[in-house]
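1. Got a predicted structure here, sequence first:
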Amino acid sequence: MRTRIRHGVPRRGTDLGSEADRATFRTLHTASLASPALREGLTVASAGRSIKHLRALLGAPAVALTDTSAALGWDGEGEHHAGVCGALAEPVVRHGTTRRGEAALLSCDVLACPVDEVVVAPLVVDERVVGTLQAFTTRTTAGLARATDEVARWVSGQLELAELDASRRRLMEAEVRAMRAQISPHFIYNSLGAIASFVRTDPDRARELLLEFADFTRYSFRRHGDFTTLAEELRSVERYLLLEQARFGDRLQVTLNVAPEVLGVAVPFLCVQPLVENAVRHGLEAAEGVGHIRIVAHDRGTEALIEVEDDGVGEDPERVRRALAGDADLDSVGLGNVDARLRTTFGDDFGLVVETAPGAGTRVLVRVPKFAPGVSA
Amino acid sequence: MSLDVVPGVVAVVLVTAVTLAIGTYRQRFSRTTSDFFVASRTVRPGLNASAIGGEYLSGASFLGIAGLLLVFGADMLWYPVGFTAGYLVLLVLVAAPLRRSGAYTLPDFAEARLGSRGVRAACSVLVVAVGWLYLLPQFEGAGLTLAAAVGAPRWVGAVVVGVVVVVGVGSGGMRAITFVQAFQYWLKLTALLVPLAVLIVVWVGEGAPGPVAATDTAQWSLPLAAGGGAGLYATYSLIVATFLGTMGLPHVAVRFYTNPDGGAARRTTLVVLVLLGVFYLLPPAYAFLGRVYGESLAAAGRSDVMVLELPRLVLPGVGGELLTALVTAGAFAAFLSTSSGLAVAVAGVLGQDVTGRLPLLGSRTRLDGVPAFRLGAVIAVTVPLGVSLLVPDLGVARSVGLAFAMAASTFCPLLVLGIWWRGLTAPGAVAGLVAGGLGCGGAIVTTFSPARLSGWAGVLLEQPAAWSVPLAVVVMVGVSLATRDRVPPHAGRFLARLHTPESVRT
């Protein structure tokens, strides 16, 4: 009996809490409105979208966000002062502490201009000042100074998360690049060995296999584009299996059953092939006798469902769970990576599902929506 | 059950069984040698075009058009012309860019183009509205067909089609859906062509008699002989609805996803034009023979079943019964294929945007994927089935015409402007969809309500497309211009992708 494994995602609850906490909730809600923009990093666009929420948090007549040298965004009255934001930021960037700005910089002729004094707080990411949060008012109070300091800390936290997101994305891209470059040396060696064995006995087949090998490597080393069509991906899988069959002969039996309707679906580059490689390894290399691999693509209305199944030695469910959770020490090479990329592309509902048990073979299910915003081959 | 209904029953059972059999037949490819086939298995334009034709040629085309022609004469030729020409507009303006957009459904396209969940929601509502409006006449026609062929009560046919569709769609059993639909097209063509050939031979054998009531034949065959200005308006309105409505039919849009690329989408559409052109030659021929042999049917208000009855009237006896059985089989195929196509499209939207979001009773998990789709399929079929049982006699072809009008008033402006105009904004699209949808929808509701208006107001409401389509376009353009700062930042890039031929891509 196989166990069905999915990387677990906790569901969010909807309990609301008591009336007394409403002020806190309002503040938290305002903060949550500003958060998505800030999670993209500190840019003019993100400053523009988050700053009015930051002003709501501070309750100041005007608020500005700057990088280390100039204003990125201004909300509230007295926008003619935006030009001096850079000068106000300069001492804070140098010292890294919250302080009152030079009031002399803010003198102006505009009647009833509420911008007379300013509190400037640093935004710190990785112990480096990347910008400032500036709260303008007629008269600064200790309360405003404190609030500005705290909000700046919170914004810094969001910016650090943004940095984290970015580095996670870079890591994932690096992994894909590595996967492209990392066709297993064993595979290359074995394929070339198998082809060599045909050179005398069946030169035509040897030539065909060499061409397949060339096409296979060209696809796998491809540099451009994060997505490809399912047809392209399956074509590469076919080439891979062809080369493996040259080596294993009749020991490797492959069943392919693809609904033509889903061949045009856009999928992350190299999202099926690592699963097939795993299947070949588990279904054949580790087991005696004939190994069957079954690759099926179903048309499920708004989704495509891809199954990769082998009847080999199977796997300990606990190990698969750890592989899906990202434990890189395990030898299920692509599993965790494919799972992570599917989730980042299509959302947590679209992670890999693995059904396996020792001695019972393995089946991996991939669900791909036919359409997802921003995804095209 | 008397003996002469046996061929009809057998025909209906056979069609249903064959449909389900092809649908559930899994092609199994077990290969251990070197010839693989993914590349060769993309759906070819010819096959896909047959499938589109199979899904598209509904009961309205199969039965309704001949009936309308029989009663109202040459004006009604605009129905078959429009149903075909809609694909010409689709070919020129929409087919390839829609495929290149990567969208599966019309709401997908709206979301990809405008980056707005609001527009997506509006489109989802409209897909359900158009789908249900189009399903109504399918169920009604199925009831009429079984009543005429085997003398069953009217509700039987509707319920049979409903159940078969829910089982076929909901069980996920339609694995080879493209083959099923392609088969249905050729079945429908055969089921009209063979009896027609026999009938024409008989007609020629009898010395090619003319229509019985020779007096009004001139009027029957003359376009716009009656009706004056209102007739002219109604004709233009029909032309607008059918020419522009085809692209907005939800089940047509999803079939284009099966094409491998934009070029294939164009070639497919071209073949569809040929296939439909051939098919739509047949109903007018039936209508003419109906004038000769079946005048009584028109008088009795049974023109919708004229195609079914004609073989019996011309050829009494076993031959006529067999031909009627063949036509019945074709008609039933028409109801099944169009209904399941629509049910899949509507269930997909319901599954994604409605049933997939409802929390299950007493638990915090949501339905996802297949269960949501199944529940969606049940709802998608039950609602129009119920309405068609409660409100019979809507007129098969006319209800279809209204579904086209609805699609033309909403999705046509969205698609055409979305593909060809950079300046479209999300607020503009929503405003246009609401204006077109409410305008056309209001007209439809008043048409279906018992208290019909007479005179020009009645004509305007009965054929709303000629004013509701321009209204939607004007509102969409106007509001988009007013909200110019909301043009999506990726609009230029997206349009470039829609219009770049695959051959020049990297």
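-> That came in fine, so what should we check first? The structure presented is a predicted model; accordingly, all values stated were derived computationally and were not measured.
2. all contacts plus neighbour counts: C-alpha atoms, from now on.
-> Noted.
3. May I see the buried residues of stretch B:472-489?
-> In terms of neighbour count (16 or more other CA atoms under 10 Å in any protein chain shown), stretch B:472-489 has its buried residues at B:472-481, B:483, B:486-488.
4. Please tell me how far it is from the chain's geometric centre.
-> Centroid separation for stretch B:472-489 versus its chain: 30 Å, with CA atoms, centre = their mean, to the nearest Å.
5. can you check stretch A:360-367 too?
-> Worked out by CA atoms, centre = their mean, stretch A:360-367 lies 23 Å from the chain centre.
6. Tell me who's in contact with residue B:211.
-> By CA atoms under 8 Å, 6 or more residues apart in numbering or on different chains, the residues touching residue B:211 are B:217, B:291, B:292, B:293.
7. Actually, residue A:38.
-> Here residue A:38 is in contact with A:46, A:47, A:50, A:155, A:158, A:159, A:162 (criterion: CA under 8 Å, 6+ apart).
8. now do residue B:251
-> B:55, B:341, B:342, B:344, B:345 are the contacts of residue B:251 under CA under 8 Å, 6+ apart.
9. any idea which of the residues you listed is closest to chain A?
-> Closest approach between the contacts of residue B:251 and chain A, by CA to the nearest CA: residue B:344, at 7.1 Å.
10. who's in contact with stretch B:460-467?
-> In contact with stretch B:460-467 (CA under 8 Å, 6+ apart) are residues B:233-234, B:236-238, B:240-241, B:402, B:405-406, B:408-409, B:439-440, B:443-444, B:446-447.
11. Would you mind naming what in the stretch 251-377 of chain A lies close to chain B?
-> A:252-264, A:298-302, A:370-374, A:376 (CA under 8 Å from any CA of the partner chain).
12. Of those residues, grab the buried ones for ChimeraX.
-> In ChimeraX, this line selects whichever of these come out buried by 16+ other CA under 10 Å:
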select /A:252,253,254,255,256,257,258,259,260,261,262,263,264,298,299,300,301,302,370,371,372,376
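13. Can you give me the buried ones in the lowest-mean-pLDDT helix or strand in chain A?
-> Scoring the helices and strands of chain A by mean pLDDT, DSSP states H and E places strand A:3-6 at the bottom, with a mean of 75. Residues of strand A:3-6 classed as buried: A:3, A:5, A:6 (neighbour count, 16+ other CA under 10 Å).
14. Enumerate every residue touching the first one.
-> Spelled out, it's residue A:3. With CA under 8 Å, 6+ apart, residue A:3 has these contacts: A:317, A:354, A:355, A:356, A:357.
15. Now do the contacts for the residue minimising distance to the centre of chain B.
-> Per CA atoms, centre = their mean, the C-alpha nearest to the average position across chain B is that of residue B:56, at 4.7 Å. Residue B:56 sits next to B:252, B:338 when contact means CA under 8 Å, 6+ apart.
16. same question, the one 3 residues further on
-> Residues near residue B:59 by CA under 8 Å, 6+ apart: B:137, B:138, B:141, B:142, B:331, B:332, B:334, B:335, B:338, B:396.
17. related to what we said a few turns ago, tabulate the buried residues of strand A:3-6 in JSON lines, adding columns for distance to residue B:86.
-> Converted to JSON lines, the buried residues of strand A:3-6 look like this (distance: CA to CA, whole Å):
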{"residue": "A:3", "distance to residue B:86": "52"}
{"residue": "A:5", "distance to residue B:86": "49"}
{"residue": "A:6", "distance to residue B:86": "47"}
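18. returning to what we had before: strands paired with the least confident helix or strand of chain A, and their directions?
-> According to DSSP bridges, strand A:3-6 has the following sheet partners: strand A:353-356 (antiparallel).
19. so how far is the partner strand off the chain centroid?
-> Its chain's C-alpha centre and that of strand A:353-356 lie 23 Å apart, by CA atoms, centre = their mean.
20. what does stretch A:153-165 give?
-> Centroid separation for stretch A:153-165 versus its chain: 16 Å, with CA atoms, centre = their mean.
21. Equivalent analysis for stretch B:328-347, please.
-> With CA atoms, centre = their mean, you get 9 Å for stretch B:328-347.
22. ok, now stretch B:56-66?
-> With CA atoms, centre = their mean, you get 9 Å for stretch B:56-66.
23. now the contacts of residue A:3 in TSV, with pLDDT and distance to residue A:219?
-> Output for those, formatted as TSV (pLDDT from 0 to 100; distance: CA to CA, whole Å):
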residue	pLDDT	distance to residue A:219
A:317	83	32
A:354	90	26
A:355	89	29
A:356	86	30
A:357	85	33
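24. For the residues you listed, name the two members farthest from one another.
-> A:354 and A:357 (9.9 Å; CA to CA).
25. Which of those two has more residues huddled nearby?
-> residue A:354 (25 against 20; other CA atoms under 10 Å in any protein chain shown).
26. and that one, what is it in contact with?
-> A:3, A:4, A:5, A:6, A:320, A:362, A:363, A:364, A:365.
27. Any regions of chain A where pLDDT drops low?
-> Residues of chain A meeting the criterion pLDDT under 70: A:1, A:7-17, A:20, A:176-183, A:223, A:286-287, A:326-333.
28. Please enumerate the strands of it.
-> With strands called from DSSP state E, chain A shows them at A:3-6, A:62-66, A:71-76, A:99-100, A:117-125, A:128-137, A:227-229, A:252-258, A:266-268, A:291-300, A:303-310, A:353-356, A:362-369.
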